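# Just a sequence and a predicted model for now, questions to come.
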Amino acid sequence: MANPILPLWEYIPDGEPRQFGDRVYLYGSHDRHNGTAFCDYKLKVWSASIHDLNHWVCHGHSFHTRPDTDHPSSVPHTDHELYAPDVVEKDGKYYLYTYIVGAKGCVSVSDKPEGPFTFLSTYQYAPEDAGDEGIYNDVGVLVDDDGRVYCYYGFTNSHMNELDPETMCKVLPGSLQHRVIDDREEVPEEIRFYEASSPRKIGDTYYLIYSPRKGSRLAYATADKPTGPFTYRGYIIDNGVDYPAGNNHGSLCKIGDQWYVFYHRMTNNTITSRRACVEKVTILPDGTIPPVEMTSLGFEEALTPYEPVKAEIACVLTGGCFVIEKDPFTRVVTQVQDQCVLGYKYFDFGEDTSTATMVLAMKTIGTGCPGRMHVMIDAPTAEKGGKEIGVVEIGAGDGVYRARVQNVTGRHALYFVAEVIKPQSDWMCQYFKDRSICEVEEFVFMK
């Protein structure tokens, strides 16, 4: 399954991946494709076998703060939006920790990792023992090897509490820690804690993945004990590099022998319609995690160019173009104007050297402005090391446009660079100024 890893109509941001048994479960918020605000009033759970990460199963709704046609509300004390949940297992039970906007967060329980989850309690604490006004923003939970339970949370300020492992919702008196990650004003904004706490224990080292104050990165800090303090070590991924930027929220999960970072990407020209993505990461012997680039791969080793490729899996979108959902069956890259770039990493073209050329077919929705797509491999420009292998002439109407391009072998990034064909007359130039060439739906290479 390429990025995004879930069906392309599904919007699950703030992903917390957890492996229980032989399945990986993805817990997260729930966005709407045309939403004007973050998150929804429900949570959903998806999972995949650790032996087949390309096929994810929807377990449906797991929790609600408002009733719908099929479900009552899961909570007695609020009807506000649900943000950024986490789930941990303790003694055969699965505990869901939810952050609810403007209300006390709560803990719920299920006999199954997919839920549905039954409300257990709001966090139980004395006022002096809770940070974040007792809301527990973006809470992440760690069950340590000795059975002790810790939760990390906060918005602009980082906090930590230890929880009673018998109740999983009662805060132990005197356990509150402030500034688990440095959030002082003098700390650079690229490092300073903002939100999205997600704890992991890797070997003997405690990791806290979080979103910094500035940018669209997932950063991480480490400590030698669960109470910290945690020291900034670097960032894992930046979803705003050559792509419409926004916040980032996610975490790490080891599946088999491979570590992955789960995160989300923006769509629909908004920061409030986000979809789940994943990249492979490496944890070095010194505990550092080299930053990884955003790709179209998901769990794939490489994409094949010889099957239809949905344009919306682009990992590079520059110049103002973006992914938009038209209906449950149609999502396109829209607003493709002059010098826009659509990029895909990475395709394996194989080792066929029997032919000098192949045919690229591109399905587009026309918007009245003729143009062309320069087909580049390795980089979008020659100055950056790219090579042009052909040009697709795009007409003014809907259609499938074909071009014969140079044959390619091996593994390459693929880029389409848009160019407007300027009309001869001045009034036509004015008419086509800032007009899109097309909307790109899909493409395929044929030999």
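Received the coordinates, thanks.

# how much space between Arg179 and His71?
The spacing between Arg179 and His71, counted by CB to CB, to the nearest Å, is 39 Å. Bear in mind the C-beta positions are built from the backbone N, C-alpha and C, glycine included.

# Ok, Ile271 next?
Relative to His71, and taking CB to CB, Ile271 is found at 28 Å.

# What of Tyr401?
With distances taken as CB to CB, Tyr401 is found 46 Å from His71.

# With His80 instead?
Here His80 is placed at a distance of 17 Å from His71 (CB to CB).

# Flag the shaky bits of the stretch 301-447 of the chain, pLDDT-wise.
Residues of the stretch 301-447 of the chain meeting the criterion pLDDT under 70: 367-368, 423-435.

# Quick one: the helices in it, in order.
Applying DSSP state H, counting those that start in this stretch to the stretch 301-447 of the chain gives helices spanning 426-432.

# Compute the number of surrounding residues for Val400.
Residues near Val400, counting by other CB atoms under 10 Å, number 12.

# what does the model give Asp183 for pLDDT?
At Asp183, the pLDDT value in this model is 80.

# now do Leu284
Looking at Leu284, its pLDDT reads 97.

# Just the element for it, please.
For Leu284, there is no helix or strand it lies in under DSSP states H and E.

# For it, which non-adjacent residue is closest in space?
Leaving aside its sequence neighbours, Leu284 sits nearest to Pro290 (CB to CB, 6 or more residues apart in numbering; 7.0 Å).

# Am I right that the one you found is in contact with Thr282?
Yes. Here Pro290 reaches Thr282: they are 6.1 Å apart, a contact under CB atoms under 8 Å.

# Doesn't Glu189 belong to a strand?
No. Per DSSP: H, G, I helix; E, B strand; the rest coil, Glu189 lies outside any strand segment and is coil.

# and it, what does it touch?
For Glu189, the contacting residues are 212-215, by CB atoms under 8 Å, 6 or more residues apart in numbering.

# let's see it at 7 Å
212-214 (CB atoms under 7 Å, 6 or more residues apart in numbering).

# Let me see the residues that make contact with stretch 214-222.
Outside of stretch 214-222, the residues within contact range by CB under 7 Å, 6+ apart are 181, 189-191, 205-212, 230-240, 245-248, 250, 261, 263, 287, 289.

# Kindly report the same for stretch 176-188.
With CB under 7 Å, 6+ apart as the test, stretch 176-188 has contacts from 129-131, 152, 156-161, 192-193, 208, 210, 221, 227-230.

# cool, and stretch 133-148?
Residues outside stretch 133-148 that contact it (CB under 7 Å, 6+ apart): 83-84, 86, 88, 90, 97, 99, 104-105, 123, 125, 149-155, 162, 165, 195-199, 201, 226.

# buried sites along it?
Neighbour counts over stretch 133-148 (16 or more other CB atoms under 10 Å) mark 135-143 as buried.

# With stretch 18-36 instead?
Applying 16+ other CB under 10 Å to stretch 18-36 flags 18, 23-31, 33, 35 as buried.

# do stretch 393-409 as well
For stretch 393-409, the neighbour count (16+ other CB under 10 Å) marks 394, 401, 403, 405, 407-408 as buried.

# Okay, helices next: where are they in the stretch 101-250 of the chain?
Assigned by DSSP H, counting those that start in this stretch, the helices in the stretch 101-250 of the chain number zero.

# Mind jotting down where the strands sit in it?
Ranges of strands within the stretch 101-250 of the chain are 106-110, 118-122, 140-143, 149-153, 159-163, 177-178, 193-202, 205-212, 217-223, 231-238, based on DSSP state E, counting those that start in this stretch.

# Out of those, name the one with the poorest average pLDDT.
Across the strands of the stretch 101-250 of the chain, strand 177-178 gives the lowest mean pLDDT, at a mean of 93.

# Looking at the buried residues of stretch 18-36, which one is closest to Thr318?
Nearest to Thr318 out of the buried residues of stretch 18-36 is His33 (CB to CB; 22.3 Å).

# I'd guessed the closest one sits against Met266; true?
No. Applying CB atoms under 7 Å as the test, His33 and Met266 come out as separate, 11.7 Å apart.

# returning to what we had before: tell me which two in the buried residues of stretch 393-409 are the farthest apart.
Using CB to CB, the two most remote members of these are Ile394 and Asn407, lying 22.3 Å apart.

# Work out for me the element the residue nearest the centre of the chain sits within.
Computing the C-alpha centroid of the chain and ranking residues by CA atoms, centre = their mean puts His264 first, at 1.3 Å. Using DSSP H and E, the element containing His264 is strand 258-266.

# Give the partner strands of that strand in its sheet and their orientations.
Paired neighbours of strand 258-266 in the sheet (DSSP bridges): strand 251-255 (antiparallel), strand 274-281 (antiparallel).

# buried stuff in the shortest one?
Of the residues in strand 251-255, 251-253, 255 count as buried by neighbour count, 16+ other CB under 10 Å.

# and if you look at stretch 181-195?
So stretch 181-195, judged by 16+ other CB under 10 Å, has buried residues 181-183, 191-195.

# Switch those over to TSV; also include distance to Gly174.
As requested, these are exported to TSV (distance: CB to CB, whole Å):
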residue	distance to Gly174
Ile181	21
Asp182	22
Asp183	21
Ile191	29
Arg192	27
Phe193	22
Tyr194	27
Glu195	25
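
# From these, pick the one nearest Ala48.
Lowest distance from Ala48 to the buried residues of stretch 181-195 (CB to CB) belongs to Glu195, with 27.1 Å.

# so who does Trp56 touch?
So Trp56 contacts 1, 5-6, 46-48 (CB under 7 Å, 6+ apart).

# Ser198 too?
When contacts are counted by CB under 7 Å, 6+ apart, Ser198 touches 16, 140, 209, 251.
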